[in-house]
Structures are given as structure tokens and as C-alpha cells.
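Visitor: Model the structure of this input:
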Amino acid sequence: MLKPDQFNRHLMALSRDSVGYSQSELANKLGVKQGTISKYEAGLLEPPFDFVEALANTLGFMPEFFYETGRPYGMPPFHYRKRKKLAAKRLSKMVAEMNIRRIQLQILLRSYDLPSNRFIPEIDRDEYRGGYGKDFSIEGAAQQLREMWGIPDGPIENVVEVLEDNGGIVIPCNFASDLIDAVSQRIDGLPVLFFVNMNAPADRIRHTLCHELGHMVLHTTTLMDDDEMEKEADHFAGAFLLPSKELKRQLIKFDLRQIANLKRHWKVSMSSIAMRADRLGMITPYQKKSFFIQMGKLGYRKAEPYEPEKEVPTKIKTVVKFFFDNLDFSKEDLAKSLMISVPKFEELYGFIDEPEKYPSNDNNAFGHGLRVVK
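Guide: Numbers count the residues shown, from 1 in each chain. Next up, the predicted model:
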């Protein structure tokens, strides 16, 4: 029997934020005063169990959810600049979704053993010695990680697969904002988590995941100014996806046609290739400016052509299907285990049976008479 003093007020606020309700909106749904909701969430009052049942039914959870132990985690410090641009309600919804998905993953992993022979390293710059004893550099760290993980020369065929094969879990989310495409977290007792907005274009997801990988490798033992961390993570993503030696060999002529061909080869956006060439000193400021003006005139700053195929996370799918195939769970059983309603389970895990829920930007034709040649 659940005891009233086990009620977790933090989970009440998380669940409310996850569906986008304010305190007053939830109060109206439940037929109580906002002050009552506020006092429950502040821990000033303990809600009776009949209220918890009504709360759970309204928000799509089961009453047991609100008696789970633990605390919520906030956004990592290296996303401070992006957080400031988000409206408070959207930020709260995003943080709530991440926490709820993390809690559900912890429940799933009680019955599923993840392989532990691979890991995502953390670099301590004071002790770092890269290849051949060289001092720390972003380029060197990215190249060393490719070598450590056995990634061959050339494009990374599937970024999601690389992350999940090496100790990470990619969790598909719907952040309802294009200001943040992904968030990564290191939490004791869990694999490194990458929460990613799967509604973004495929090439953007690949870059964003490598950007987050950069944060996990570079910034969990070393913190600095937020802008500097963002620049370093972006530099790392470019170096990890587009090694300098190969790009310098291939980028013979900097024009839109060749950049488009390189995009098809490397599965990296045309904008990212241009920024990488600029960082490596391969183009002049004038070339960079002219390139982006041309991209803007063609409408490619908003939607580029030749999108690669969307990469779908498989580790969560494998874990969920383990319950169905090996433990004889029904959808109802698993929803109950995760302390959510069946409709909410289908909303969060519908991609298990319906991968087409992930949109892809199938825009394979240049307009304005430009033809990409092989």
C-alpha cells in the first residue's frame, strides 16, 4: 500500500510540464484552486490519494508514477545560451520530457542488461596526451576517437549506430522547438544519453549528435564560457564527421555544385561543409559570404536538397522488443510497468512498430536550373 509521505512533488510538476499545462490550467482540469496545485508541488501539503488518481488520469500516467523516488535533472550547463532563447513553458516541457524518458529507461534497464565493454571517454585536458604524445587539440581529439572506435577513413555511414555501439543511447523526442535539436547527459548508473529531436532534417541530426558527443568528450570534466563550449563542440563535430586530410584532398574547387556532391558523399549539410572549409582556412571570407548568399537565394538555408536517409535509434527499440519477445509482456503490461497510459505509451514508443513516423526530407532536386553532376 502506497503511503502519503511517499508522494514525489517533483514528479507532479514534471508530468504537468510534460503535457504543457500551467498550474492554473491543471487546476481547471481537476476542478480545484491553483493554490492547491501550487502547495502540492511546493511540498507544503500532501495530496490525498483520490487526488493523485485524478491527476494521473488527467495527465496520462498511473498513480504509482507519483510515488517513484529520485529527483529531476536540469539541462546541462553547456546549453545555457540556447536555454535563454527558449520560452519558459517550452523549456519546462523539454526538461520534463527528458526526465520522464530517463525514468522510464531506468525502469526498462532493471530487466535488460546492456553490454558494458564500450564507452564514451571524457578528456581531462591537464592529463591528455593524444596520438604520438601531442598536446590537446580539438582536431586531435576527434581523430583519436575515430581511431579508438575503429571508424575507417571516409564518411560515417550511421552516426546513431556509432553512438549506440559505443556506450550511448539515443532517445527520440519531440522538443517542439528548433532552437535545440539534441541534449546529452552523463548520469551515474546510466549510459550516456542523447535526447534528439527526430523531426529535424537528417543531416542536421547527424551534426547535432556529433556536437553533443563533443560536449560529452570535452566538457564533462572541463567547463568554460558557454559560447566557447559551443564553438568547441561544433569544431569537434566537424572534425569527427569531416576529417581534414580527406576534405582537403577532395575539395578541389569551392562552388555549390562540388559542395552538393560532397554532401551526398559525406552525408553532411552543405552549410556544414562550407563552415568546415572556412575553419580549416581552405576558403576566403569572400568565398564563404558569396556561398551563403547563393544558398539563401536558392532557398537552401531553410531546406537543403539531397537529404540523407533518416537514421533511426535502435537500442531503445531493442530493449522494448525484449520485453515483448522474451518476457511475454503485452503493450498494456509494459505501459503499466512504465506507469503510463496505453495511449501515452503509443505516443512515446510508437516508432517501435512504425518507423515511418520519423519524417524525412526527400528533396532530391535542385531548383533554378542547377544540376548536380557525379
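Visitor: Let me see the ranges of the strands in the protein.
Guide: Applying DSSP state E to the chain gives strands spanning 168-173, 182-185, 192-197.
Visitor: According to the record, where do the domains of the chain fall?
Guide: Following automatic domain parsing, one gets these domains for the chain: 4-72, 90-241, 246-309+358-374, 315-357.
Visitor: need the least confident one among those, by mean pLDDT.
Guide: Between the domains of the chain, the lowest average pLDDT goes to domain 246-309+358-374, which shows a mean of 82.
Visitor: now that one: how far from the chain's centre is it?
Guide: 24 Å (CA atoms, centre = their mean, to the nearest Å).
Visitor: try stretch 185-201
Guide: For stretch 185-201, the distance to the chain centre is 5 Å (CA atoms, centre = their mean).
Visitor: which residue packs closest to S38, ignoring adjacent ones?
Guide: Nearest residue to S38, sequence neighbours excluded (CB to CB, 6 or more residues apart in numbering): Q23, at 5.7 Å. The C-beta positions use only the backbone N, C-alpha and C, and glycine is treated the same way.
Visitor: And for H235?
Guide: I138 (4.6 Å).
Visitor: for T69, same thing?
Guide: N8 (6.8 Å).
Visitor: Distance-wise, check that neighbour relative to P72.
Guide: As judged by CB to CB, to the nearest Å, N8 and P72 stand 10 Å apart.
Visitor: Mean neighbour count added to the domains of the chain, as TSV?
Guide: Compiled in TSV, the domains of the chain are given as follows (neighbours: other CB atoms under 10 Å):
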stretch	mean neighbour count
domain 4-72	17
domain 90-241	18
domain 246-309+358-374	15
domain 315-357	16
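Visitor: could you give the angle of the lengthiest helix in the chain to strand 192-197?
Guide: Secondary structure of the chain per DSSP state H: the longest helix is helix 88-108. Relative orientation of helix 88-108 versus strand 192-197 (axes from the mean of the first three to the mean of the last three CA atoms, to 10 degrees): 130 degrees.
Visitor: Which neighbouring elements make contact with helix 88-108?
Guide: helix 9-18, strand 168-173, strand 182-185, strand 192-197, helix 315-325 (3 or more CB pairs under 8 Å, 6 or more residues apart in numbering; DSSP states H and E).
Visitor: for P155, what are its contacts?
Guide: Listed by CB atoms under 8 Å, 6 or more residues apart in numbering, the contact set of P155 reads L241, H265, W266, K267, V268.
Visitor: ok, and the closest non-adjacent residue to L334?
Guide: F323 (5.3 Å).
Visitor: Make sure the one you found is actually in contact with A335.
Guide: No - taking CB atoms under 8 Å as the definition, F323 is not a contact partner of A335, at 10.8 Å.
Visitor: chain center to stretch 135-152: distance?
Guide: 22 Å.
Visitor: quick one: contacts of that stretch?
Guide: By CB under 8 Å, 6+ apart, the list of residues contacting stretch 135-152 reads 121, 123, 125, 128-131, 134, 162, 165-166, 214, 217-218, 232, 235-236, 239-240, 243-244.
Visitor: Equivalent analysis for stretch 280-288, please.
Guide: If you take CB under 8 Å, 6+ apart as the criterion, stretch 280-288 is touched by S244, L247, K248, L251, F254, A274, A277, D278, F291.
Visitor: Return the member of the residues you listed nearest to V342.
Guide: A274 (46.9 Å; CB to CB).
Visitor: measure that closest one to R301 for me?
Guide: 11 Å.
Visitor: Could you do E147 as well?
Guide: Using CB to CB, we find E147 at a distance of 35 Å from R301.
Visitor: Can you show me the helices along the stretch 51-200 of the chain?
Guide: Remark: helices assigned in the stretch 51-200 of the chain by DSSP state H, counting those that start in this stretch are 80-85, 88-108, 138-148, 159-165.
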